[in-house]
Each structure stands twice: as structure tokens, then as C-alpha cells.
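1. just a sequence and a predicted model for now, questions to come.
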Amino acid sequence: MATKNLSEYDLTSVPSAEQMRFGIVVAEWNYEVTGPLAQGAADTLKKHGAKDENIIIKHVPGTFELTLGAQYLAEFAHVDAIIALGCVIQGETRHFDFICDGVTQGITSLNMKYNKPFIFGVLTTDNQQQALDRAGGKLGNKGDEAAVTAIKMLALKADLIK
Ligand code: DLZ
């Protein structure tokens, strides 16, 4: 199966983000990957109209901490949507599984708890090269995909509320 390029999407299908406020929480582990993810997400939000002052970027130590970091942003930063960015690379122990399970369930439950989009921008790969390929490399940037998803989910909410 061909792998999708994460940065390729129909530009015309993305609503304006001009009035939206975003939080981005970034894991410091594997920062050579998560740094470019954050850059991609912020650039894509701005490309679709988000203002600099409406993009709040905060860091947490590792992917496991993304859930609480995202909750802090929802509680204290008055943002409309939160993008959680991390990278977990398979190692020799079962840590990979525990971190992936924790963050997946954590981010999922935040969506329900706050009724806001919490976007899962976590790469889970077998090795570093696979991660770099998806952080601005040959397969695009998962941060771009996460940003577009955040905008679309907020637009869906606005459409249904009115
Ligand atoms: C401990 C750990 C390991 C082994 N691997 C990763 C990883 O690949 N990616 C990542 O973001 N974080 C990793 N961590 C750190 C955990 O996410 C967490 O920060 C620590 O277990 C402390 O709670």
C-alpha cells in the first residue's frame, strides 16, 4: 500500500482559521522530529489565516506528558483546539506500547471531556528514519496534517452550533 504524503491536501477544502485560537503541545523527546512537526503545524495554521498571537506553543518532556500538557492548555490558555505532537520510536522494551497506549487513550478522553478538538499528532514508528520521513521528509509532515485537522474540526463545530 502506498503511504500518503501527509502534507498533500486540497487547499480549497480548508476553511479560514482567522478567528480560531490554537494550542500546540510538543514533546521534547526526539526533538529532531517533534521540532519540525511543531514548525509544520504552526506554518500550516498561519497559511490558513491563523494569527501569530492565537497560536500558543508549549513543551512537555515526553509524549506520555502530552495528555496533561494538552489539558493545561484547554484549562488555562483559552484555546479552541489543541494539537498534541510527539514521536515514539520502537525500542527494545515495552515502553513504546505503554506510552502509545497512554497518550492515545489520554487524548481521546480529552476530546470527550472538553468537547473540543484535541488532535493526535503523534508519530509511532519502528525507527528514526521513518519518523524523519514524516516530519518534513519524503512523506510530508504530520504537523501539517494535524493543523488541517484542527481547523476542519473547529469549522465543523461552528457549522453545527449556528
Ligand atoms: C521513556 C521514554 C522512552 C523510552 N521513549 C520515548 C519516546 O520514544 N518518545 C517520547 O516522546 N518519550 C519517550 N519516553 C519518555 C516518556 O514519554 C515520558 O516522558 C517518561 O516516561 C516520563 O513520564
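-> On my side now, so go ahead. Numbering: from 1, shown residues only.
2. give the buried residues for stretch 35-50.
-> Judged by neighbour count (16 or more other Cβ atoms under 10 Å), stretch 35-50 contains these buried residues: 35-42, 44-45, 48, 50. The C-beta positions use only the backbone N, C-alpha and C, and glycine is treated the same way.
3. the ligand contacts on the protein?
-> By the criterion of Cβ under 6 Å from any ligand atom, the positions of the chain lying close to the ligand are 27, 29-30, 61-65, 86-89, 91, 95, 99.
4. how does it look with 8 Å?
-> For the chain, the residues found near the ligand under the criterion Cβ under 8 Å from any ligand atom are 27-30, 34, 60-65, 86-89, 91, 93, 95-96, 99, 103.
5. OK, contacts around whichever residue of the chain sits closest to the ligand?
-> As assessed by Cβ to the nearest ligand atom, the ligand sits closest to residue 62 within the chain, at 2.2 Å. Taking Cβ atoms under 8 Å, 6 or more residues apart in numbering as the criterion, residue 62 is in contact with 27-29, 86, 99.
6. now the two most distant members of these.
-> Taking Cβ to Cβ, the two most distant members of the contacts of residue 62 are 28 and 99; they sit 13.7 Å apart.
7. please, which helix or strand holds the spatially closest residue to residue 52 that is not a sequence neighbour?
-> Distance criterion Cβ to Cβ, 6 or more residues apart in numbering; nearest residue to residue 52, sequence neighbours excluded, is residue 46 at 7.0 Å. Element membership of residue 46, judged by DSSP states H and E, is helix 31-47.
8. please enumerate residues in contact with that helix?
-> Helix 31-47 has contacts (Cβ under 8 Å, 6+ apart) with 7, 17, 22, 24, 26-28, 52, 55, 57, 83, 85-87, 121, 123, 128, 131-132, 135-136, 141-144, 146-148, 150-151.
9. please consider this matter closed, and thank you.
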